[in-house]
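**Student:** Could you look at this predicted model? Sequence included:
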Amino acid sequence: MNMKLAYTGWMWLREFSGQREHIRRIFEQSVKELVHIGYPFMENMASFVVPYFRPEEVREIMERYGTRLIGLYSNLSEGYETLCSYVDFVKAAGGEYLISMSPNWDLGRDMGDLPTDWDGIRAQAELSNRVGAYAAAQGITFCYNPHAYTDVATDEEMAAFAELTDPETVKFCFDCGHATLAGVDPLRQLETYYDRMAYIHVKDVDPTVERVAPQFGRTAFVPLGFGTVNVKGYLRYLEAQGYEGVVCVGMPPPCAKINDYESAAISRTYLRLNCDL
């Protein structure tokens, strides 16, 4: 498979939010570990990187270890000005993408608990159009990421969001794990919006985790190959379409990981053995 393989390094940093020196040290450590495991590209959470580094510093660290920050992840709740500042940071750091999702629901709310917030979707689409236009002007691709436990998760919600956004400047980042949690068929989602898809997240989900280990909450993510998502079929579909873009692996907390390094390594081994990636 001729795709750009990345990993989301922010999991290493989450416990040190607000601790500048710890963040700076652990960031470089995460880069070293992920390069050692075999991930050629990195994604990270903007809020864990931008406050603590200049983009030139990030670029230098990445080049030192032979890798590149391919994109930053963000949340639409951060607002237009902040999201545009992330676009500028990505560009200066040598990246190509800003990915963004809708605001997370409170932890106690489950899928289907409340009616769809159509006004919220319209507002998020409008903001995405504005950020997407700014990003395009800077040569950066803005990708919206539909996400379980947010306002844009189901097929119907995604269709409305797609209709309300500019296909030229608002591309999509799809995630087979989050699609599964939202009751969406990941392959059908790819087929429906392939022309607007510009970035991929791959995650695996074990539906038994929440039952046997409720401390992990509703996310139930596991290393690739440990769950029930057809990751191999998902990537084979992309290969058949000639996709050569980013495939980014991640294990967001809370989830049933071993530790950050081992979870990343297990997923990397799965991709080598099962997906020729």
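**Tutor:** That came in fine, so what should we check first?

**Student:** What is the burial count for residue 17?
**Tutor:** For residue 17, the count of nearby residues is 14 (other C-beta atoms under 10 Å). C-beta: built from backbone N, CA, C; applies to glycine.

**Student:** In this structure it contacts residue 48, no?
**Tutor:** Yes - Residue 17 lies in contact with residue 48 (C-beta atoms under 8 Å); the separation is 6.7 Å.

**Student:** quick one: common contacting residues for those two?
**Tutor:** residue 23 (C-beta atoms under 8 Å, 6 or more residues apart in numbering).

**Student:** just how off-centre is stretch 123-130 within its chain?
**Tutor:** Mean-position distance between stretch 123-130 and its chain equals 19 Å (C-alpha atoms, centre = their mean, to the nearest Å).

**Student:** Please, where are all the helices along the stretch 1-150 of the chain?
**Tutor:** For the stretch 1-150 of the chain, the helices defined by DSSP state H, counting those that start in this stretch occupy 20-37, 46-49, 55-64, 80-93, 118-137.

**Student:** Just read off the phi/psi values of residue 174.
**Tutor:** The phi/psi pair for residue 174 (degrees, to the nearest 10) reads phi -100, psi 150.

**Student:** quick one: it from residue 180, how far?
**Tutor:** Counting by C-beta to C-beta, to the nearest Å, the separation of residue 174 from residue 180 is 11 Å.

**Student:** more crowded one of these two?
**Tutor:** Set residue 174 next to residue 180 and count neighbours by other C-beta under 10 Å: residue 174 wins out with 27 against 21.

**Student:** correct me, but the more buried one touches residue 197?
**Tutor:** Yes - using C-beta under 8 Å, residue 174 is in contact with residue 197, at 5.8 Å.

**Student:** Kindly point out which residues are neighbours of both of these two.
**Tutor:** Counting by C-beta under 8 Å, 6+ apart, the shared contacts of residue 174 and residue 197 are residue 190.

**Student:** Now residue 68: closest residue in space, sequence neighbours ignored.
**Tutor:** Nearest non-adjacent residue to residue 68, counting by C-beta to C-beta, 6 or more residues apart in numbering: residue 62, 5.2 Å away.
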